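# Pasting the sequence and the predicted model now:
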Amino acid sequence: MPELPEVDTVRRTLEPFIVGRRIESVEINYGGIIKKPEPAEFIRLVEGRVIRVIKRRGKYLLIQLDAEYTLVIHLRMTGQLTICERNSALSKHTHLIFRFENGRELRFVDVRKFGMVYLIPIGAWHEAGGLARLGPEPLEDEFTLCSFCEIIKGKKGKLKAFLLDQTRIAGIGNIYADEIMFAAGLSPQRQIETLSSKETELLYENIRAKLNEGVEHQGTSIRDYVNGLGEKGGFQHRLKVYDRAGQPCARCGTSLLKATVCGRGTVYCPHCQH
DNA sequence: ACGTTGACCTGTGTGC
DNA sequence: TGCACACAGGTCAACG
């Protein structure tokens, strides 16, 4: 499900409901999503804590508690994190519930159970999967054309693989990778070492533009994605290539093709992308 | 250093 | 309607 714009939207919509709230109790229905510590220890450390702040880093959500611990959550493909009333119907795949004193709760629902939750001491980022190895945030001011050129310089391989590599740039996934490459007129198979400086700049501009557009429209809801209040996003209506195989290219009318690149379904225009 | 594949899970859509 | 199969917003490990 969620790439940078979706995770960012979840963060933004949850914030007013959870910051400053005390977690009265925790219920674990499926312990498999909690990667560390053990469930009993997890509950012991979280219950009674107050949420200080919620941040996003790449596709990870970081929920800072008042006891020098950070809850790190990755939604993977189908994870949802939503605010619900305590008495509202529980969906089938609710694996984790944080209850607040005001009658509301934060629920983690994940059909495919790929999602991951870690509770780690502040700063111990290396204990939370790939969090410590993430590349720069593409929407931050520090991510300049100059810094992008440094990242791409000397690298080899397919453009699509580069965009999906979280250690190069944090937060791009399959949908936005395809949209970025279409907008930049670049083929997913293109070897990055052959990009001209003009093409590199076009790529840089469209990474920023497409991710910003995704954030602005509150993410892409094609299957499971919803924001922190259970609402769908709107970017699915603006997609130019993703999920549009066989439909005409918005730019030239050629039928969009689908292929597997880097093991991922990839849609592109054979006429506009080189 | 790169590329491909399978593993982790469940649900949905397709074609027969 | 049933069944088999492919495929799905991600990442990681194990190969060649």
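That came through fine. Everything numeric in this text was worked out from a predicted model, so none of it was measured. Residues are numbered from 1 along each chain as shown, chains lettered A, B, ... in the order given.

# residue boundaries of the strands in the stretch 151-274 of chain A?
Listed in chain order, the strands of the stretch 151-274 of chain A (DSSP state E, counting those that start in this stretch) span A:257-261, A:264-268.

# List the strands paired with the first one, with their directions.
The sheet places strand A:257-261 alongside strand A:264-268 (antiparallel), with pairing taken from DSSP bridges.

# nearest to DNA strand C, of the strands of the stretch 151-274 of chain A?
Closest to DNA strand C of these, according to CB to the nearest atom of the strand: strand A:264-268, at 2.3 Å. Where you see a C-beta, it was placed from the backbone N, CA and C, and this is true even at glycine.

# List the buried residues of that closest one.
For strand A:264-268, a neighbour-count test (16 or more other CB atoms under 10 Å) marks A:266, A:267, A:268 as buried.

# Turn those residues into TSV, columns for pLDDT and distance to DNA strand C.
Output for those, formatted as TSV (pLDDT from 0 to 100; distance: CB to the nearest atom of the strand, whole Å):
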residue	pLDDT	distance to DNA strand C
A:266	97	8
A:267	97	9
A:268	97	13
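
# from these, which single one is nearest residue A:257?
residue A:268 (6.1 Å; CB to CB).

# Show me where chain A has its helices.
A:4-18, A:39-46, A:145-152, A:159-164, A:174-184, A:197-216 (DSSP state H).

# Give the rounded mean pLDDT of stretch A:22-30.
For stretch A:22-30, mean pLDDT is 98.

# can you list contacts of it?
A:34, A:39, A:42-43, A:46-51, A:65, A:94-101, A:113 (CB atoms under 8 Å, 6 or more residues apart in numbering).

# what residues does the stretch 101-250 of chain A put near DNA strand B?
Contact residues, the stretch 101-250 of chain A versus DNA strand B (CB under 7 Å from any atom of the strand): A:111, A:112, A:113, A:114, A:155, A:156, A:157, A:158, A:161.

# OK, contacts around the first one?
Contacts for residue A:111 (CB under 8 Å, 6+ apart) come out as A:78, A:93, A:224.

# can you list the domains in chain A?
Per the record, chain A has its domains at A:4-133, A:145-268, by automatic domain parsing.

# Take those domains and lay them out in JSON lines including distance to residue A:274.
Listed next are the domains of chain A as JSON lines, based on distance: least, CB to CB, whole Å:
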{"stretch": "domain A:4-133", "distance to residue A:274": "26"}
{"stretch": "domain A:145-268", "distance to residue A:274": "6"}
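
# So which of these is nearest residue A:139?
Residue A:139 sits nearest to domain A:145-268 of all those, at 5.8 Å, using CB to CB.

# I'd guessed residue A:108 sits against residue A:91; true?
No. Applying CB atoms under 8 Å as the test, residue A:108 and residue A:91 come out as separate, 10.8 Å apart.

# Compare the two (neighbour count), which wins?
Shown here are residue A:108 and residue A:91; by other CB atoms under 10 Å, residue A:108 has more neighbours (23 against 13).

# So what pairs up with that one in the strands?
Beta bridges link residue A:108 to residue A:81, residue A:96, judged by DSSP bridges.

# Do you know the pLDDT at it?
Residue A:108 is assigned 98 on the pLDDT scale.

# now swap in residue A:64 and tell me
98.

# I'd say it and residue A:55 touch.
Yes. Between residue A:64 and residue A:55 there is a contact at 7.2 Å, judged by CB under 8 Å.

# Those two: which has the busier surroundings?
Neighbours per residue, other CB under 10 Å: of residue A:64 and residue A:55, the larger number sits with residue A:64, 18 against 12.

# Now for the more buried one: which residues touch it?
Counting by CB under 8 Å, 6+ apart, residue A:64 touches A:51, A:52, A:53, A:54, A:55, A:70, A:71, A:122.

# The fourth one: neighbour count?
When counting by other CB under 10 Å, one arrives at 21 neighbours for residue A:54.

# residues in contact with it?
Residue A:54 touches A:11, A:14, A:15, A:18, A:19, A:61, A:62, A:63, A:64, counting by CB under 8 Å, 6+ apart.

# Could you check how far it is from residue A:90?
The gap separating residue A:54 from residue A:90 is 23 Å, by CB to CB, to the nearest Å.

# Now for residue A:16, how many residues are close by?
Using other CB under 10 Å: residue A:16 sits among 10 other residues.
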